[in-house]
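Novice: heads up, no residue letters with this:
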């Protein structure tokens, strides 16, 4: 399949933005998206709502505050070309809106 395996994680210290080497903690949501399934995230970076941390697709990494990322994912998953999804509402409910989250996108091709 051409596309992306996307996972959003909490971090051990969510007070600071993630870096290219930040460890992950709890999975908030995980889904597989089709070929253009990162367009929404690239739009967030352009709007200043997320930061691209680089990578080569194995994985690409991003960071964003929960207040920007969680609503976008919750409202827009159908438009993100989703194939399969696993969402942990208990972890979402524990997120502080100002908490920095980590996004990993793995190339599935």
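Specialist: Thanks, I have the structure now. Computed from a predicted model, the values in this text were never measured in an experiment.
Novice: pLDDT weak spots in this structure?
Specialist: 1, 76-84 (pLDDT under 70).
Novice: in it, which spans are helices?
Specialist: Taking DSSP state H as the test, the helices found in the chain are 39-46, 66-76, 89-94.
Novice: mean neighbour count and distance to residue 59 added to these, as JSON lines?
Specialist: Every C-beta, even on glycine, is put in place using the N, C-alpha and C of the backbone. Rendered in JSON lines, the data for these read as follows (neighbours: other Cβ atoms under 10 Å; distance: least, Cβ to Cβ, whole Å):
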{"stretch": "helix 39-46", "mean neighbour count": "16", "distance to residue 59": "12"}
{"stretch": "helix 66-76", "mean neighbour count": "16", "distance to residue 59": "16"}
{"stretch": "helix 89-94", "mean neighbour count": "12", "distance to residue 59": "20"}
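Novice: and of those, who's closest to residue 57?
Specialist: Of all those, it is helix 39-46 that lies closest to residue 57, at 13.3 Å by Cβ to Cβ.
Novice: packing partners for that closest one?
Specialist: strand 51-55, strand 60-65, helix 66-76 (3 or more Cβ pairs under 8 Å, 6 or more residues apart in numbering; DSSP states H and E).
Novice: how far off centre is stretch 58-68?
Specialist: Here stretch 58-68 is found 5 Å from its chain centre; the criterion is Cα atoms, centre = their mean, to the nearest Å.
Novice: next: stretch 3-18.
Specialist: Between the centre of stretch 3-18 and the centre of its host chain there is 6 Å, according to Cα atoms, centre = their mean.
Novice: now swap in stretch 36-48 and tell me
Specialist: Going by Cα atoms, centre = their mean, where stretch 36-48 is centred and where its chain is centred differ by 10 Å.
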